[in-house]
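Asker: Structure for the following, please:
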Amino acid sequence: MEGGSSELQSLQDAIRSSDVVENRIELIKKLGDLKITEKSELASLAECLTIFWEDYTCLDLSQCMLNSAIIQVALKHLESDISNCLAHFLVLGTKASIWCGKHLKMTLMSTEESQEEEHENLFFQLFLDLLSFLGASFSALARYPVFVEKMTVDIVETFFDEELNLIKDSLPEIKRIQSFVSEEVVVKVTQEVIDSVIRLCGTYAQALNWESWEEKLERDKTDMDFQGAKRMNHVINVTKCTVEKLCEMGVVAANNGGSLVPIINMSWKGVVTLLQLGDGVLATKVNVAVLISNLISLVNESIRRAAEAWFSSLKENISVTEARKAFLPVKFYLVNAVKISSLYPYQAYLVRSEITKCILMMSMLKCSLSKENLLKTASDVFTELLEKTSLDLLIAMLNSVQVKQELKVEFLDYLFSEGSCTDSVAGDPSKMHSMVGLFSTCGEVLPGEKTFLIGRISLFLNFLRFSLDLDDDVKLWIAGKLDWFFDMLVNEEVYSSILLLQVPVLYGCGKTVEVVWQPMFSSLLNALQTFMLVVSSSPAWTELESFLLENLFHPHFLCWEIVMELWCFMVRHAESGMVSGIVGKLCSLMKLVASTESVLIADSALRKVARSISTILTFGAQSMVDHVYMAIVHDEGTQLSSVMCLALFMEGFPLNLLSDKMKRIVTQRIITDYHFFIENFDDKSMNSLDCGLLGPPVFALSSSLQSLQISTSDINVKTLKFLVAIIYNYKVCEDKLMKDQYRKLLSETLGIISNVRHLYASLEMEKVICELENLFISGPDVSDTQLYECKPDLALFMAGLAHMDIKETDESSNISAIWDLYHMLLGERHWAFIHLAITAFGTFLLGQIAISSGDLFPIMQRFRMIWLLEMRQIWINLCLSSRYSLRRKRHSSQ
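Answerer: Next up, the predicted model:
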């Protein structure tokens, strides 16, 4: 090999002595043709190439040709055994990267002139060759042990930094480079370099023992294992550098998009891969919180661009393809953020405010998309791609043992805070254009807390819907936040949206997941029911059960309906033992709140508990219904038993679900008590009210008439006489409390009669009609405004007159009384009364037609003027009512 060595030396000497660039280029190319195998010769060659590299600013074509020749020669020899001269090749790569970065900026800044085209083509080819050299250099490093010599370590770390800087700086310019070099080729070569860097870091990490790494890094320089500590520090440094540069590349590539999508994928996947090396030790030296923050920023920016494009000029339906194009990058960023947060949850906690804001805005965006017909497809795609993934980002922190319990509670309180609706900013999700502004806002404090109210509710429902993924302590906290959830639901904007909004929801699991549209109220119930099933065998069940019991008395209709739906769901699906225990608690609660004063008050605690028990038992087994009834009446005859039994009857206790034997017993008791009461209805009975209430048997019969299907033959003409007696007593009574009792009794009796058809054929009916006309229209009590409470039952009674054969004569006062009563009812301005009155009058007319053997003409002749006049009055009343409502609406909007 002496000849080879001599030839190498002579070429090196010739290059050094030559002042002509072209000659030097030719001589350098000859170096590439030499077959060098000796390590010493390779070292000499590497050192020579490093010296020959010209660092000064490129002024003409010749310098690019010279440096290009050097890179090509170096690239040819990288596959050889360069163990003793690898540092020289790395120094060459570092110098070349610095020079190339400067040249790239100058080239792109210069004007495009024809005489520069050849120079630019040559430079960009040199750039590609350099990228290939860098990739080969990283691969060469992987073939040798981790360096420990300080000089070599410094060279390697500088090499990492400069090479990755060059790649990062070149990414935004790739589109401009494509006029000289194929864009796909540049992206492919760049990918190869990135891949080789990631592989090298993996190789380094696997070569070390990471056990007790903290002790090893603290070794004294005199320790025999100090070399191992130096090696470990070196691997940590290069990996940290790579992670940070890959993160920067991922951000730059994301901001430029287009053909850089492969770079985006490789960069972020590389970050996740490297953070898992060395049992997580490597990441302790990296600011992982910044990485997560960058990914969240990319999510916000992608969503902002989509919102801006769609909401600013919404003219046609958004296609599935367009929606997926907008949301797939978001999913990619979220998936990587989830992976990193799962590895380092405490680092994610450090940027909780950014994560919270991002997830809440995404949640509200879904509601906003769902509200617009043209954006429903986008809402579908959003739900499919992003809903679960965005929640996983929060779950990664909440399920981790690395985040202390008190920090989790603090975070969740921040996410679902008590003051979330105190801000003055409107939270109407229909204000679509505000979404663009929301995603461009940044800062520690959430802008416009109330703006996120719908988003918070939607996010809380997702926690419930996917609660199977939560740890027990998080489930317990979520159960404790149900009171906050109900407080938010009573907000006017929220419950109106809950009742009106249709939203897409994920159903199924694995590959069978599909998106289904349903009312938000149904989605809410399903989420709560899912949560009930999930926590049924966890410590959170006690908290949930207490919540349901406490909210039996919730004043807001929507919240009460939700509570009852959940109780009924539990009765349908829970084990019989659990159901019996819950119903037993409700019965005990009813005994605590029972009182004679509250049984006739619809909103009293007694009636609410009775309503709850009755509703729940509708879905219960027959044996349970029997058991509850017997438990209530076991002290038959006592005041408490009578009050509770009456409250249950008035709230629709499912008597029809009792066993046949129990039905017969209950029916017989109700009929017997009723007859006994009306037959003994006198002044003496009035002075000794049963359980402080006038006529419990009447209320019991009125409430159970439909469910028990009591034979109307058991109700005779004595009921009509009883009604006349009530009217008389009401007129003469001066005691306010007693008058109130009579009025309630009057309403219930009218309701009973309206269900007993044969009573309308009785002769006593004419007297009843005249008494009612006198009470409501012509008598001294016409000014009694409290009689208003009886008019709904009076309308039902009047509808029953359809079964009465009216014989109209000139001297008949009966038809006049009937007409006067209808005139009074039809003259009401309340829409509910108008509806009842029209229904009653229409039923009456149809009944009269039937009695007249279907001959419509005599009926129309008889009532034609009545009908025309009343329809005219009803129309006037409706118009007045509408104008009044319109004025109120305008006043409230002002």
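
Asker: what stretches of the stretch 451-600 of the chain score poorly on pLDDT?
Answerer: Scanning the stretch 451-600 of the chain for pLDDT under 70 picks out the ranges 451, 510.

Asker: how close does residue 131 get to residue 192?
Answerer: Note on residue 131: its distance to residue 192, by C-beta to C-beta, to the nearest Å, is 8 Å. Just so you know, the C-beta spots here come from the backbone N, C-alpha and C atoms, and that holds for glycine as well.

Asker: And the two? Which one has more around it.
Answerer: residue 131 (25 against 18; other C-beta atoms under 10 Å).

Asker: Quick check, the more buried one in contact with residue 189.
Answerer: Yes. Counting by C-beta atoms under 8 Å, residue 131 touches residue 189, with 4.5 Å between them.

Asker: Average pLDDT for stretch 7-22, rounded please.
Answerer: With pLDDT averaged residue by residue, stretch 7-22 scores 80.

Asker: no wait, stretch 294-305
Answerer: Per-region confidence: stretch 294-305 scores 94 on mean pLDDT.

Asker: With just CA atoms, put that stretch into PDB.
Answerer: C-alpha atoms of stretch 294-305 as PDB (Å, rounded to 0.1, in the frame of the first residue of the first chain):
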ATOM      1  CA  ASN A 294     -46.300  23.600  20.800                       C
ATOM      2  CA  LEU A 295     -48.600  20.800  19.900                       C
ATOM      3  CA  ILE A 296     -51.600  22.600  21.500                       C
ATOM      4  CA  SER A 297     -50.600  25.800  19.600                       C
ATOM      5  CA  LEU A 298     -50.700  23.800  16.300                       C
ATOM      6  CA  VAL A 299     -54.200  22.400  17.300                       C
ATOM      7  CA  ASN A 300     -55.400  25.900  17.900                       C
ATOM      8  CA  GLU A 301     -54.000  27.300  14.700                       C
ATOM      9  CA  SER A 302     -55.500  24.400  12.600                       C
ATOM     10  CA  ILE A 303     -58.900  24.900  14.200                       C
ATOM     11  CA  ARG A 304     -58.700  28.600  13.800                       C
ATOM     12  CA  ARG A 305     -58.000  28.400  10.100                       C
END
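
Asker: Which positions in it come out as buried?
Answerer: Within stretch 294-305, the residues scored as buried using 16 or more other C-beta atoms under 10 Å are 294-304.

Asker: Does residue 750 touch residue 794 like I think?
Answerer: Yes. Applying C-beta under 8 Å, one finds residue 750 in contact with residue 794, separated by 5.8 Å.

Asker: Tell me where the stretch 401-550 of the chain has helices.
Answerer: For the stretch 401-550 of the chain, the helices defined by DSSP state H, counting those that start in this stretch cover 405-415, 434-440, 453-465, 472-480, 482-489, 492-500, 520-535, 540-550.

Asker: quick one, the fifth one and helix 472-480 angle?
Answerer: Between the axes of helix 482-489 and helix 472-480, defined by axes from the mean of the first three to the mean of the last three C-alpha atoms, to 10 degrees, the angle is 40 degrees.

Asker: which residues are in contact with helix 482-489?
Answerer: 416, 418, 420-421, 453, 456-457, 460, 494-495, 498, 544, 547, 551, 554, 556, 558-559, 562 (C-beta atoms under 8 Å, 6 or more residues apart in numbering).

Asker: Apply 7 Å and report the result again.
Answerer: Contacts with helix 482-489, where a contact means C-beta atoms under 7 Å, 6 or more residues apart in numbering, come from 416, 418, 421, 453, 456-457, 460, 494-495, 498, 547, 551, 554, 558-559.

Asker: And for the fourth one?
Answerer: Identification of contacts with helix 472-480 by C-beta under 7 Å, 6+ apart yields 398-399, 405, 409, 412, 463-464, 467, 534-535, 538-540, 543-544, 547.

Asker: picking that back up, ok, of the contacts of helix 482-489, which come out buried?
Answerer: 416, 421, 453, 456-457, 460, 494-495, 498, 547, 551, 554, 558-559.

Asker: Would you mind giving these as TSV with distance to residue 694 added?
Answerer: Supplementary listing: the buried ones among the contacts of helix 482-489 in TSV, determined by distance: C-beta to C-beta, whole Å:
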residue	distance to residue 694
416	50
421	46
453	48
456	50
457	47
460	48
494	43
495	39
498	42
547	38
551	33
554	31
558	35
559	34
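
Asker: How far off centre is the host helix or strand of residue 648?
Answerer: Assigned by DSSP states H and E, residue 648 belongs to helix 639-650. Relative to the centre of its chain, helix 639-650 is centred 43 Å away, using C-alpha atoms, centre = their mean, to the nearest Å.

Asker: again, but for stretch 392-411
Answerer: The answer for stretch 392-411 is 19 Å, by C-alpha atoms, centre = their mean.

Asker: do the same with stretch 157-174
Answerer: 41 Å.

Asker: Not counting that stretch itself, show me its contacts.
Answerer: With contact meaning C-beta under 7 Å, 6+ apart, stretch 157-174 is reached by 90, 93-94, 97-98, 100-101, 104, 108, 134, 183, 186-187, 190, 193, 197, 237-238, 241-242, 245, 248-249, 252-253, 256, 259-260, 263.

Asker: From these, list just the buried residues.
Answerer: Going by neighbour count (16+ other C-beta under 10 Å), these have 90, 93-94, 97-98, 100-101, 104, 134, 183, 186-187, 190, 193, 197, 237-238, 241-242, 245, 248-249, 252-253, 256, 260, 263 buried.
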